[in-house]
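Chemist: build me a model:
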Amino acid sequence: MVKVLIVDDSQLIRNVLTEIVSSHPKMEVIGVAVDPYDAREKIKKLKPDVLTLDIEMPRMDGLTFLKNLMRLKPMPVVMISTLTLDGAEKTLDALEIGAVDYVAKPRVSILKGFSEIEDVIRNKIYAAAHVKMNALITDGTNLSVNKGNSFRGLDESDNPCGNSEVMPAKNVLDGISVSKKPCSVIAIGSSTGGTEALKKVLQSLSVNMPPIVVVQHMPSSFTDSFAKRLNKASKLTVVEFSENNMPLKKGYVYIANGAEHFKLALINKQLIGLRDDGEPVNLHKPAVDVLFDSVAEYVGSPAIGILLTGMGSDGAKGLLRMKQGGALTIAQDKESCVVWGMPRVAVEMDAVQYELPLKEIGAFLEAVCLKI
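Modeler: Residues are numbered from 1 along each chain as shown. From the prediction side, this is the model:
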């Protein structure tokens, strides 16, 4: 049984989340906390498997608490955030610090809004309880805290984080048989854990890369902020895809808007991006499968498809169609995934040619696409 601690200063939200979580046959709410100081005591006493954590709380905000928690006692956390620009920025901060996932508070009434996404909430919390924290927190750069705010009483143990270095391309390709190939586009799909995984891949790439198109599952109010963060962290130019029929340029990364599907097409031998307001696919909009299917149809062989960490199966069928069309296909390996869901399904479908650790994917792409 997964033990859940709910941390929120709103009694209404505590009650609603308790009811939603308790309806899952394999989860139980073992306690609620009204602020981080209350949460500290409940963590020590109740030993939860996963927390839900509000961002805005009295006495100490959720981000400060999260930093302390990840430094002293790393554990799975699902943030409860707002669908605002400020909420997006703070949620992305939380994901950088080490939160597994987030649930966006509905703009309409809490009761009505949360009732419409009960399954999503349950699935996110249950999945979070089973993530590998050493895959989620890969370096110590995001874990600095104001020691004056640290929590005495939490067990301070060695940080279980791994090493986030990027492997040299020659090391990555040692023992792997792969030829350089013409590459018109790189298509990437990701979900839970993908915000940090994408950043690590893009940080390791040079400006000479072909156009990169990305579907990351997140709300539309978050994608522009996410693209701007990636742009600051990368040598490439990263933008939210917003203009229909936009020609795709070398050295650019295009992030799908969180409210629309993202497709590619070929017009007069020019690869362009298209916005599609169709129905959700695999319960997602944008869906990775929609992007990958369009790459398979219009690009074919001179393309690379990549599935990074994520819950569910979105992208697996599309990656198989890309492979069948001659594209090179890659999946993040189990050991480095926060949630080995989407890549696992793709591997099981025989859609994947190369399974790689996250830290090796960038060098692999450069070795395949560029002359090294």
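
Chemist: check the most far-flung residue of the chain relative to its centre and give its pLDDT.
Modeler: Ranking residues of the chain by C-alpha distance from their mean position (C-alpha atoms, centre = their mean) puts Asn268 at the top, at 34.5 Å. The predicted local confidence for Asn268 comes out at a pLDDT of 90.

Chemist: and for Lys170?
Modeler: On the pLDDT scale, Lys170 gets 50.

Chemist: re earlier: how much space separates the residue farthest from the centre of the chain from Pro247?
Modeler: In this view, Asn268 and Pro247 are 10 Å apart by C-beta to C-beta, to the nearest Å. Using the backbone N, CA and C atoms, a C-beta is placed for each residue, glycine as well.

Chemist: same thing with Val32?
Modeler: Between Val32 and Pro247 the computed distance is 52 Å (C-beta to C-beta).

Chemist: out of these two, which sits in the busier spot?
Modeler: When Val32 and Pro247 are compared on other C-beta atoms under 10 Å, the one with more neighbours turns out to be Val32, at 20 against 12.

Chemist: got the contact list for that one?
Modeler: With contact taken as C-beta atoms under 8 Å, 6 or more residues apart in numbering, Val32 is in contact with 5-8, 14, 18, 42.

Chemist: off-centre distance for whichever strand or helix holds Lys263?
Modeler: When secondary structure is defined using DSSP states H and E, the element that contains Lys263 is strand 261-267. In this view, strand 261-267 has its centroid 23 Å away from the chain centroid, taken as C-alpha atoms, centre = their mean, to the nearest Å.

Chemist: ok, the very next helix or strand once past it: who's next to it in the sheet?
Modeler: Proceeding C-terminally, strand 261-267 gives way to strand 270-276 as the next helix or strand, assigned by DSSP H and E. Sheet partners assigned to strand 270-276 using DSSP bridges are listed as strand 246-247 (antiparallel), strand 261-267 (antiparallel).

Chemist: out of those, which is the most enclosed?
Modeler: Comparing the strands paired with strand 270-276 by mean neighbour count (mean count of other C-beta atoms under 10 Å), strand 261-267 comes out on top with a mean of 19.

Chemist: where exactly do the helices run in the chain?
Modeler: Ranges of helices within the chain are 11-22, 36-46, 62-72, 85-97, 110-116, 118-128, 133-136, 169-173, 194-203, 220-233, 288-298, 316-324, 342-348, 358-369, based on DSSP state H.

Chemist: weakest of the ones you listed in terms of mean pLDDT?
Modeler: helix 169-173 (a mean of 53).

Chemist: for Arg71, see how far away Glu41 is.
Modeler: For Glu41, the distance to Arg71 equals 18 Å [C-beta to C-beta].

Chemist: between the two, which is the more surrounded one?
Modeler: With neighbours defined as other C-beta under 10 Å, Glu41 and Arg71 compare such that Arg71 has more, 23 against 13.

Chemist: what about the more buried one, distance to Gly251?
Modeler: Going from Arg71 to Gly251 by C-beta to C-beta gives 37 Å.

Chemist: also Val78?
Modeler: When distance is defined by C-beta to C-beta, Val78 is 35 Å away from Gly251.

Chemist: more neighbours: the two, which one.
Modeler: Between Val78 and Gly251, counting by other C-beta under 10 Å, Val78 is the more crowded of the two (26 against 15).

Chemist: quick check: that one touching Ala99?
Modeler: Yes - look at Val78 against Ala99 with C-beta atoms under 8 Å: they come within range, at 7.0 Å.

Chemist: touching both of those two, which residues are there?
Modeler: Counting by C-beta under 8 Å, 6+ apart, the common neighbours of Val78 and Ala99 are Leu53.

Chemist: run through the bridge partners of Thr82.
Modeler: In this structure, Thr82 bridges to Lys105 when assessed by DSSP bridges.

Chemist: let me know how buried it is, in neighbour terms.
Modeler: Under the criterion other C-beta under 10 Å, the count of neighbours that Thr82 has is 18.

Chemist: I figured it hits Val103, correct?
Modeler: No - at 10.6 Å, Thr82 and Val103 do not qualify as touching, with contact defined as C-beta under 8 Å.

Chemist: state the distance from Thr84 to Phe226.
Modeler: From Thr84 across to Phe226, the span is 14 Å (C-beta to C-beta).

Chemist: neighbour count winner among the two?
Modeler: A direct count of neighbours by other C-beta under 10 Å for Thr84 and Phe226 places Phe226 higher, at 24 against 14.

Chemist: OK, contacts around the more buried one?
Modeler: By C-beta under 8 Å, 6+ apart, Phe226 lies in contact with 88, 92, 195, 216, 218, 240, 255.

Chemist: how far away is the second one from Ser225?
Modeler: Counting by C-beta to C-beta, the gap between Leu92 and Ser225 amounts to 6 Å.
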